[in-house]
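In: What follows is a predicted structure for the sequence shown.
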Amino acid sequence: MALAACGDLPQPFRGRPGQVARQLRRPPGYRLAIPPSPQAMLTDADAASLATAMAEALVAQEIPAVAGPALPLDWQLVVGVEREGAVVTPRFAVTSGDGVALGMLVGRPVPAREWADGNAQLFARIAGEAAPRLADLLSRIEAQARTGDERAAGSGAPVMRLLPVRGAPGDGNRSLTAKMKDSLAALGFQVQDQAAGADFAVSGEVTMAPAGRGMQRVEIVWTVSRRDGQDLGRVAQLNEVPAGTLNGLWGDVAFVVAEEAAGGVRDVVFNAGGIGARPAAAPPPASAPAAPPAGSARPRR
């Protein structure tokens, strides 16, 4: 009433919101089914309980979600976990009715024992934490489908500056840099080589050392930093290969190393609060590439 008494407020867009606004004001053009998932490493009853908790939390976020099997045109939310030591990390994958990966979100780690025991309070907590970020992810996916621009529903992809890899023999520097660019882009980053406009930066350094018995130790360290200069963490890959193996073309080795390392970089950024929603990686190639010169890539501080 006080505002009204002061006269009319400028409303330059009333009555002509534009094509994008008209598209976005429509209700979601999908239904999200959440079937009990064997990938969740739970009993059938607990998997169903988790699916129900996820559906209820998403409905509270105004997402048309249901617990149970998907109909032919439904999108699906598949809940899985990745175990590492004494903790498990929930992962939420969104797929289309055709089974095409649309996006993925990683939840907060949970003690493995607590996850295995399973209880309604735990599932409600996990669902409550994930639902707002899943709603944002689904909103951006929907905006992309309707308008061709995910920024119509919020912020676009995080911008990552990728510096050239250093220290690798053969064509490793060039191959690793190119494959890392592709792998980060597949996980939802906008990758560039300039500093201007970047939210994060990652640099890779390869160290080779004799390991005895005709072997070489290969260590690759990827350092992730933020725009304000804070060092967010590192992803380390370490393995031994026959001496001289990598003195020429890296080929599929660079592909596997980069694909593995990109997931670690993504997790470092996520753990630092820099990204909440992450598209899923592209499906693996039909033929398995050569074994990489690196073990499991794990982010470390």
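Out: Yes, it's here.

In: right, and Leu50 touches Gln121 too?
Out: No: with contact defined as CB atoms under 8 Å, Leu50 and Gln121 do not form a contacting pair (11.9 Å). C-beta: built from backbone N, CA, C; applies to glycine.

In: Could you check which of the two has the larger neighbour count?
Out: Legend: neighbour count by other CB atoms under 10 Å for Leu50 and Gln121, higher for Leu50 (26 against 8).

In: is it fair to say the more buried one lies in a strand?
Out: No: secondary structure of Leu50 (DSSP: H, G, I helix; E, B strand; the rest coil): helix, not part of a strand.

In: any idea how far Asp171 is from it?
Out: Using CB to CB, to the nearest Å, we find Leu50 at a distance of 46 Å from Asp171.

In: Sketch out the strands for the chain, chain order is fine.
Out: 32-34, 65-67, 75-84, 87-95, 101-106, 110-111, 159-162, 190-192, 200-212, 215-226, 231-242, 298-300 (DSSP state E).

In: Can you add mean neighbour count and give these back as CSV?
Out: Formatted as CSV, the strands of the chain follow (neighbours: other CB atoms under 10 Å):
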stretch, mean neighbour count
strand 32-34, 24
strand 65-67, 22
strand 75-84, 18
strand 87-95, 20
strand 101-106, 20
strand 110-111, 14
strand 159-162, 22
strand 190-192, 16
strand 200-212, 17
strand 215-226, 20
strand 231-242, 17
strand 298-300, 16
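
In: Out of those strands, the one nearest Ile141 is which?
Out: Checking these against Ile141 by CB to CB gives strand 101-106 as the closest, at 5.1 Å.

In: what angle sits between that closest one and strand 87-95?
Out: 160 degrees (axes from the mean of the first three to the mean of the last three CA atoms, to 10 degrees).

In: Who are the packing partners of strand 101-106?
Out: For strand 101-106, the packing partners by 3 or more CB pairs under 8 Å, 6 or more residues apart in numbering; DSSP states H and E come out as strand 87-95, helix 120-147.

In: Quick one: low-confidence residue ranges for this structure.
Out: Scanning the chain for pLDDT under 70 picks out the ranges 1-29, 144-156, 228, 273-301.

In: cutoff 80 now
Out: Residue ranges of the chain with pLDDT under 80: 1-30, 71-73, 97-98, 141-157, 188, 195-197, 227-230, 271-301.

In: Would you map out the domains in it?
Out: Domain assignment for the chain, taken from automatic domain parsing, gives 28-153, 159-300.

In: I'd like the distance from the longest one to the chain centre, please.
Out: With CA atoms, centre = their mean, to the nearest Å as the basis, the distance from the averaged C-alpha position of domain 159-300 to the chain average is 15 Å.

In: What of the first one?
Out: Centroid separation between domain 28-153 and its chain, computed with CA atoms, centre = their mean, is 13 Å.

In: Just the buried positions in stretch 54-67, please.
Out: Buried residues in stretch 54-67, counting neighbours by 16 or more other CB atoms under 10 Å, are found at 54-58, 61, 63-67.

In: I'd like those residues written out as JSON lines, with distance to Gly188 added.
Out: Listed next are these as JSON lines, based on distance: CB to CB, whole Å:
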{"residue": "Met54", "distance to Gly188": "21"}
{"residue": "Ala55", "distance to Gly188": "25"}
{"residue": "Glu56", "distance to Gly188": "27"}
{"residue": "Ala57", "distance to Gly188": "23"}
{"residue": "Leu58", "distance to Gly188": "21"}
{"residue": "Gln61", "distance to Gly188": "21"}
{"residue": "Ile63", "distance to Gly188": "20"}
{"residue": "Pro64", "distance to Gly188": "24"}
{"residue": "Ala65", "distance to Gly188": "22"}
{"residue": "Val66", "distance to Gly188": "26"}
{"residue": "Ala67", "distance to Gly188": "27"}
